[in-house]
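1. need coordinates for the below:
(chains A and B)
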Amino acid sequence: MTLRQAHEPDRQTAAADTATAVRATGVGKTFPTKAGEVVALTAVDLTVAAGEFVSLIGPSGCGKSTLLRLIADLDAASTGTLEIFGKPAPRARIDQDYGIAFQQAGLLPWRTVAANISLPLELHRVARDERRDRVSELAELVGLADFVDRYPDQLSGGMQQRVAIARALAARPRLLLMDEPFGALDEMTREYLQSELVRIAAETGAAVVFVTHSIPEAVFLSDRVVVMSPRPGRITTVVPTSLGVRDEALRESPAYFERVTAVREALHGAPRTRADER
Amino acid sequence: MTRRTRALVWGVVGVLAVAALWELYKFAGPAEGLIVGAVAGEPGSGVMILPRTHDRAMPHIWEMFARLGQSASGGATPPLIVPVITAALTTLGIAAAGWAIGVVVGAALGLVMQRWRLAEWGMLPWIVLSQTVPLIAFAPVISSIGTQIDRSGTPWPQWFSVAIIASYLAFFPVAIGALQGLRSPERAHVDLMRSYAAGYWPTLVRLRLPAAVPYLLPALRLAAANAVLGAVVAEVSIGMRGGIGRMLIQLAGQASSDPAAPWGPTFGAIALGLIAAGSIAIMGLGLSNYRRGEATA
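-> Reported below is the predicted structural model:
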């Protein structure tokens, strides 16, 4: 069954679909290797509502980055259907419905901060004046208004990552895909950027799918934490956080620690499960 | 001392060291050289293991430079430096044409090989193999093809054959450098362009070409040096008059009577190589922003 066929009957419900940022149904991915096929992801069902913040967490090889790449249409799903705002993933990519940021900021070293942020706008032929306005708006949003003329090699890792976030937001996507964007940063910068991201997500109203290795990060940021496990990559548990306002006080609150524990147990399995495995 | 001045100082020291070595050996070495295994009464027998140092074999360095100021071939002829410069400029023009052809061909090959893996597999071995063909063998073939085309009505001046032969050496580093450079963007950058739904051309212009600059600049410089070398050798092997290569051979033939003379066109050829490589370096100055990745990556 192709994506298109799956999409056709939903035409009447298109309006309703825009309330759903991501809808994955039975999504799987297998990679051919010399040793045979490797199942990276199997039977993933996941719905992300518009404006919702969802983290994917799990050990290496659980397919969380693969799932993100499928949503971004950087790879094609082997099985199942994947809809972004009610459209097949390739359509959503062409329509620029999402912005993406990777672990490495991935800025073009020969472009200034401003030119890096405006790259997606240039590629989509946004007029020069409009580009300039949008770039200064975004630089303001990520707190880099004074650095727009710098080159990436003149910025710290945290600043580079903020530029990458600004670039991902340039085309005003309603969905932000982030693959361990803070993974390479020190703890203090990391916590600071987490708070920034919460603010930015709230200001833009974009849904976020956020891949991370860090349990506290996932809990602090997300409305729901999706716990995944490897061999084959699949979703095991979804932990809703329902923590309300994200501020620095939250990091000290018992409710926060309780959620962290809940995710940790889901991730490592309850002691009973471990005994079963032995 | 800054890096730049230090580099300059060491460059000068290197040149002076070579000059000093020359003069030292001329002073200390045996005048008639050192020949081992010579049979008495049999001239030319034995193996020379140290070259002769008398003035006809090794002129003093100051004599080489002084010769540039003296009349080229006696009488009222202008000083040697004038025909050297004229010949050098002729060769430079031809080498520049060869460089330009080589860059276009090399860049096209690089683009095609980056675009289609199959093209790389099919073409790269031939490109590498092409450089193993000796220029001396290859030059007369080009020359005779040129002559045939010329006879059949399409004008094909001799200098054009020389330019083609020079381009044959120049295209190689460009093709390899372009392929390597166009393929240098990281996975994340390529993914990013895909996420923007950018096709081949936008990706080429905004990502692959800028990323290729640090690879292309050394390749272009190498191509420039190769083009000069190719032009000089080609002039000699197809016997074209007017260039520095021909002049070098001509004056070398008269070296026993005028030992300092062939050093004139030799210096001319060295200057050519420096000018050619230097022009590329100047070109690179305007592209320094594209080399920022080199420090961090």
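2. quick check: residues of the stretch 51-200 of chain B near chain A?
-> Residues of the stretch 51-200 of chain B lying close to chain A by Cβ under 8 Å from any Cβ of the partner chain are B:186, B:188-189, B:191-198. In short, each C-beta sits where N, CA and C put it, glycine included.
3. for the stretch 151-278 of chain A, give the residue positioned nearest to chain B.
-> Nearest residue of the stretch 151-278 of chain A to chain B (Cβ to the nearest Cβ) works out as A:D153 at 4.8 Å.
4. wait, is that residue part of a helix?
-> Yes: the assignment for A:D153 is a helix, going by DSSP: H, G, I helix; E, B strand; the rest coil.
5. number of nearby residues for it?
-> 14 (other Cβ atoms under 10 Å in any protein chain shown).
6. per-residue confidence at it?
-> The score at A:D153 is 89. That number is its pLDDT.
7. was I right about it contacting B:R292?
-> Yes: A:D153 is within contact range of B:R292, at 5.3 Å (criterion: Cβ atoms under 8 Å).
8. distance between stretch B:156-175 and the chain's centre?
-> Relative to its chain's centre, stretch B:156-175 lies at 12 Å (Cα atoms, centre = their mean, to the nearest Å).
9. quick one on the thing from earlier: please convert the residues of the stretch 51-200 of chain B next to chain A to TSV, extending it with distance to B:L129 and neighbour count.
-> Listed next are these as TSV, based on distance: Cβ to Cβ, whole Å; neighbours: other Cβ atoms under 10 Å in any protein chain shown:
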residue	distance to B:L129	neighbour count
B:E186	31	15
B:A188	36	17
B:H189	33	20
B:D191	36	19
B:L192	37	26
B:M193	34	21
B:R194	35	16
B:S195	40	21
B:Y196	40	25
B:A197	40	17
B:A198	36	21
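10. which pair of the residues you listed spans the longest distance?
-> The most widely separated members of these are B:E186 and B:A197, with 19.2 Å between them, by Cβ to Cβ.
11. residue contacts, A:S156?
-> Contact partners of A:S156, counting by Cβ atoms under 8 Å, 6 or more residues apart in numbering or on different chains, are A:T189.
12. relative to B:I127, how far out is it?
-> To B:I127, A:S156 is 43 Å away according to Cβ to Cβ, to the nearest Å.
13. for stretch B:41-57, measure first residue to last.
-> Across stretch B:41-57, the terminal residues are separated by 23 Å (Cα to Cα, to the nearest Å).
14. so which bits of that stretch are buried?
-> In terms of neighbour count (16 or more other Cβ atoms under 10 Å in any protein chain shown), stretch B:41-57 has its buried residues at B:52-53, B:57.
15. check stretch A:140-150 too.
-> Burial within stretch A:140-150, assessed by neighbour count using 16+ other Cβ under 10 Å, is assigned to A:141-142, A:144, A:147-148.
16. which residues of the chain fall in helices?
-> All of this is about chain A. A:3-7, A:14-17, A:64-71, A:89-94, A:113-123, A:128-141, A:157-169, A:187-204, A:215-221, A:254-268, A:271-277 (DSSP state H).
17. should've been chain B
-> Taking DSSP H to define them, one finds helices in chain B at B:3-28, B:61-69, B:81-115, B:117-130, B:135-151, B:158-182, B:187-195, B:200-203, B:209-238, B:244-253, B:263-285, B:292-296.
18. in CSV, list those helices along with mean pLDDT.
-> Converted to CSV, the helices of chain B look like this (pLDDT from 0 to 100):
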stretch, mean pLDDT
helix B:3-28, 91
helix B:61-69, 87
helix B:81-115, 92
helix B:117-130, 87
helix B:135-151, 85
helix B:158-182, 91
helix B:187-195, 90
helix B:200-203, 91
helix B:209-238, 90
helix B:244-253, 88
helix B:263-285, 89
helix B:292-296, 57
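19. returning to that earlier point: biggest separation within the buried residues of stretch A:140-150, which pair?
-> A:L141 and A:F147, at 13.1 Å, using Cβ to Cβ across those.
20. what is the nearest of the buried residues of stretch A:140-150 to A:I100?
-> A:V142 (15.7 Å).
21. how about the residues of chain A near chain B?
-> Going by Cβ under 8 Å from any Cβ, the residues of chain A near chain B are A:69, A:72-74, A:93-94, A:96, A:98-100, A:102, A:104, A:106, A:108-110, A:119-120, A:122-124, A:151-153.
22. from those, list just the buried residues.
-> Buried members of the residues of chain A next to chain B, counted by 16+ other Cβ under 10 Å: A:69, A:72-74, A:93, A:96, A:98-100, A:102, A:104, A:106, A:108-110, A:119-120, A:122-123, A:151-152.
23. hmm, back to that, any chance of CSV for the helices of chain A, columns mean pLDDT?
-> As requested, the helices of chain A are exported to CSV (pLDDT from 0 to 100):
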stretch, mean pLDDT
helix A:3-7, 43
helix A:14-17, 48
helix A:64-71, 89
helix A:89-94, 86
helix A:113-123, 91
helix A:128-141, 88
helix A:157-169, 88
helix A:187-204, 85
helix A:215-221, 88
helix A:254-268, 84
helix A:271-277, 44
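24. those: which one's closest to B:T86?
-> B:T86 sits nearest to helix A:113-123 of all the helices of chain A, at 47.3 Å, using Cβ to Cβ.
25. show me what that closest one packs onto, helices and strands only.
-> The helices and strands touching helix A:113-123, judged by 3 or more Cβ pairs under 8 Å, 6 or more residues apart in numbering or on different chains; DSSP states H and E, are helix A:128-141, helix A:157-169.
26. for the shortest one, which outside residues touch it?
-> The reference is to helix A:157-169. Outside of helix A:157-169, the residues within contact range by Cβ under 8 Å, 6+ apart are A:99-102, A:105-107, A:113, A:116-117, A:119-120, A:138-139, A:141-144, A:147, A:152, A:155, A:176-178, A:181-182, A:184-185, A:189, A:192-193, A:196-197, A:200, A:204, A:206.
27. what angle separates that helix from helix A:128-141?
-> On the basis of axes from the mean of the first three to the mean of the last three Cα atoms, to 10 degrees, helix A:157-169 is oriented at 140 degrees to helix A:128-141.
28. list the buried residues in helix A:157-169.
-> Buried residues in helix A:157-169 (16+ other Cβ under 10 Å): A:158-169.
29. any idea how far that helix is from the chain center?
-> 14 Å.
30. ok so, going back, residues shared between the contacts of A:D153 and B:R292?
-> Both A:D153 and B:R292 are contacted by A:P109, under the criterion Cβ under 8 Å, 6+ apart.
31. how many residues are close by the closest residue to B:I164 other than its chain neighbours?
-> Excluding its sequence neighbours, the residue lying closest to B:I164 (Cβ to Cβ, 6 or more residues apart in numbering or on different chains) is B:I142, at 5.4 Å. When neighbours are defined as other Cβ under 10 Å, B:I142 has 20 of them.
32. ok, B:I142 - contacts?
-> Neighbouring residues of B:I142 by Cβ under 8 Å, 6+ apart: B:161, B:164-165, B:168, B:238.
33. repeat that for 10 Å
-> B:135, B:160-165, B:168, B:234, B:237-238 (Cβ atoms under 10 Å, 6 or more residues apart in numbering or on different chains).
34. swap in B:S257?
-> B:S257 sits next to B:R56 when contact means Cβ under 10 Å, 6+ apart.
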